[in-house]
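S.K.: I'll drop the sequence and a predicted model, then ask my questions.
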Amino acid sequence: MELEIRDVSKTYTNGVHALKRVNLTIEKGMFGLLGPNGAGKSSIMRTIATLQIPDSGEIRFAGQNIFTNPTEFRRQLGYLPQDFGVYADASATTMLDYFARLKGIKNSKERKNRIDELLQLVNLTEHCHKAVDTYSGGMRQRFGIAQVLLTNPKVIIVDEPTAGLDPAERNRFYSILHQLTDNAIVILSTHIVSDVTDLCGDMGILNNGCILARGKPDALVASIERKIWRKTVAREELNQLRNNHKVISTRIIKGDIQATILSDTLPADNFTQSPADLEDFYFSYVPELAV
Ligand code: ADP
């Protein structure tokens, strides 16, 4: 059971070339699609959700082209879009019952059991009679996941789900997503590196519509091990460093600027070799905005 994305390209009518021959094979488990704003993450997600058709290329799930019979594929798909808004003064239970009917679960006992089970999974049982539009951002996201899971989808797409969540809600959301990965392909798009570090066994980096790197996070980090050098520098030193070295990121640490350089050898005096992490790998591909 694989999702195969082959040479998918998309140009919008305004001329933006949002996807440029994207190739990805995604297997069961949690896949992190990491990239900055405007990289094309939502574009690829909407395309997988069959909400837009690529200009060229194809997407196959379990060997079938998803655009040949999109209705059939959508039955196996759960999609939580980025701008998922719930403006309902109805309760979570009422809303889920409504969606379950729409999704064709006709038997009322079956609907009730499924809804109770899902409310428990997303920790909303105790709030299930409150109006959904009184929920916090994190509760709405959890409600959204419950809705997506009504029909046991085999492919679950969540677009930037943790943006705007506080750390406690983010952790809670992570643990719910994590429980889904035994039975489904879960694709998580995010610009937050730690979302991928904490959750994903497999990942790709997307920027300017292109996949720049692809693999297991541990293997990607291992590929730059012993190449990461850090040093606290004065602001004036930074420009000079940038001219002569690949400065991949800068951090303000206790008021000082710490520069990180990617280099096979000691780049300059007083740099210390540091263990690499996924953020270093990401910034070696997607330049960070300068401090
Ligand atoms: P991300 O989700 O990574 O932020 P998007 O896929 O939303 O990236 O956007 C990729 C590029 O395509 C951006 O330049 C964006 O402005 C443009 N874009 C996205 N959707 C549309 C659209 N419907 N029409 C025109 N341009 C779009």
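M.R.: In hand now; what should we look at?
S.K.: hey, let's count contacts and neighbours off CA atoms from now on
M.R.: Will do.
S.K.: Can you name the residues that contact the residue in the stretch 101-250 of the chain positioned nearest to the ligand?
M.R.: Closest approach between the stretch 101-250 of the chain and the ligand, counting by Cα to the nearest ligand atom: Gly209, at 7.0 Å. Gly209 makes contact with His17, Ala18, Leu19, Lys20, Val22, Ala39, Gly40 under the criterion Cα atoms under 8 Å, 6 or more residues apart in numbering.
S.K.: Swap in 10 Å and give it another go.
M.R.: 8-11, 16-22, 35, 38-41, 43-44 (Cα atoms under 10 Å, 6 or more residues apart in numbering).
S.K.: how about the residues of the stretch 1-150 of the chain that lie near the ligand?
M.R.: Proximity of the stretch 1-150 of the chain to the ligand, by Cα under 6 Å from any ligand atom, involves residues Tyr12, Asn14, Val16, Ala18, Pro36, Asn37, Gly38, Ala39, Gly40, Lys41, Ser42, Ser43.
S.K.: Which of these ranks first by neighbour count?
M.R.: Lys41 (27 neighbours; other Cα atoms under 10 Å).
S.K.: mind checking how far that residue is from Gln273?
M.R.: 33 Å (Cα to Cα, to the nearest Å).
S.K.: swap in Lys231?
M.R.: Counting by Cα to Cα, the gap from Lys231 to Gln273 is 9 Å.
S.K.: Quick check: chain neighbours aside, which residue is closest to Thr134?
M.R.: Excluding the flanking residues, the one nearest Thr134 by Cα to Cα, 6 or more residues apart in numbering is Asp89, at 7.9 Å.
S.K.: can you pull out the helices in this protein?
M.R.: Ranges of helices in the chain, per DSSP state H, are 41-48, 70-75, 92-102, 108-121, 137-149, 167-180, 193-199, 217-222, 235-244, 278-285.
S.K.: export these to JSON lines and tack on mean pLDDT and distance to Val158?
M.R.: Formatted as JSON lines, those follow (pLDDT from 0 to 100; distance: least, Cα to Cα, whole Å):
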{"stretch": "helix 41-48", "mean pLDDT": "96", "distance to Val158": "8"}
{"stretch": "helix 70-75", "mean pLDDT": "93", "distance to Val158": "15"}
{"stretch": "helix 92-102", "mean pLDDT": "93", "distance to Val158": "18"}
{"stretch": "helix 108-121", "mean pLDDT": "95", "distance to Val158": "17"}
{"stretch": "helix 137-149", "mean pLDDT": "90", "distance to Val158": "9"}
{"stretch": "helix 167-180", "mean pLDDT": "88", "distance to Val158": "9"}
{"stretch": "helix 193-199", "mean pLDDT": "91", "distance to Val158": "12"}
{"stretch": "helix 217-222", "mean pLDDT": "97", "distance to Val158": "19"}
{"stretch": "helix 235-244", "mean pLDDT": "89", "distance to Val158": "37"}
{"stretch": "helix 278-285", "mean pLDDT": "95", "distance to Val158": "20"}
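S.K.: Distance to Gln64 for the ones you listed - can I get that in TSV?
M.R.: Converted to TSV, those look like this (distance: least, Cα to Cα, whole Å):
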stretch	distance to Gln64
helix 41-48	13
helix 70-75	9
helix 92-102	25
helix 108-121	29
helix 137-149	22
helix 167-180	23
helix 193-199	28
helix 217-222	29
helix 235-244	48
helix 278-285	33
